[in-house]
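> build me a model:
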Amino acid sequence: MNFKPLSNHVFIEPLKEEKATKSGIVLPETMEKEKPMLGKVLAVGPGKRDDKGDLMPLSVKVGDKVLFKKYGPDEIEVDSKKYLVGSEEDILAIIE
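Residues are numbered from 1 along each chain as shown. Below you'll find the model as predicted:
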């Protein structure tokens, strides 16, 4: 299925995070409740228009690994798989 977001919207595939630190310390489930989450950008919209009508392109692109707000994007389900859709403002950082 192809996604074509409108405006400054972004489709994100959530990624599973490690449940243990590099040194082997297992993190409790409560650590996940309020922290930002990781995901991979699957599709981006063309951008938002400013007051003059000029198109402002997005800072993220397809394939970027991003850190986003836990409660920012909306969750959708397509073919039994969960995805997130939100605006560029829900993304906190691109992970390189």
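> ok, now which ones touch Ile12?
Counting by Cβ atoms under 8 Å, 6 or more residues apart in numbering, Ile12 makes contact with 39-42, 66, 68, 73, 83-86. Yep, even glycine has a C-beta here, placed from its N, CA and C like the rest.
> again, 6 Å this time
Residues counted as contacts of Ile12 (Cβ atoms under 6 Å, 6 or more residues apart in numbering) are 39, 41, 84.
> let me know the pLDDT of it.
Looking at Ile12, its pLDDT is 93.
> next: Lys33.
53.
> same thing with Glu18?
58.
> rewinding a little: who wins for neighbours among the contacts of Ile12?
Gly39 (23 neighbours; other Cβ atoms under 10 Å).
> quick one: that one from Lys52, how far?
Applying Cβ to Cβ, to the nearest Å, the value for Gly39 to Lys52 is 32 Å.
> find the nearest non-adjacent residue to the residue nearest the centre of the chain, please.
For the chain, the residue nearest the mean C-alpha position is Ile12 (4.4 Å; Cα atoms, centre = their mean). Spatially, and ignoring its direct neighbours in sequence, Ile12 is nearest to Gly39 (3.9 Å; Cβ to Cβ, 6 or more residues apart in numbering).
> next, the buried residues of the helix or strand where the one you found lies.
Gly39 is part of strand 37-44, with elements assigned from DSSP states H and E. For strand 37-44, burial by neighbour count (16 or more other Cβ atoms under 10 Å) applies to 37-39, 41-44.
> which residues of this protein score low on pLDDT?
1, 17-22, 24-36 (pLDDT under 70).
> hmm, try it at 50
Scanning the chain for pLDDT under 50 picks out nothing.
> ok, which stretches of it are strands?
Along the chain, the segments classed as strands by DSSP state E run 9-14, 37-44, 48-49, 55-56, 65-68, 74-78, 81-87, 91-95.
> reformat these as a markdown table; add distance to Ser23.
Converted to a markdown table, the strands of the chain look like this (distance: least, Cβ to Cβ, whole Å):
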| stretch | distance to Ser23 |
| --- | --- |
| strand 9-14 | 25 |
| strand 37-44 | 20 |
| strand 48-49 | 43 |
| strand 55-56 | 43 |
| strand 65-68 | 22 |
| strand 74-78 | 32 |
| strand 81-87 | 30 |
| strand 91-95 | 21 |
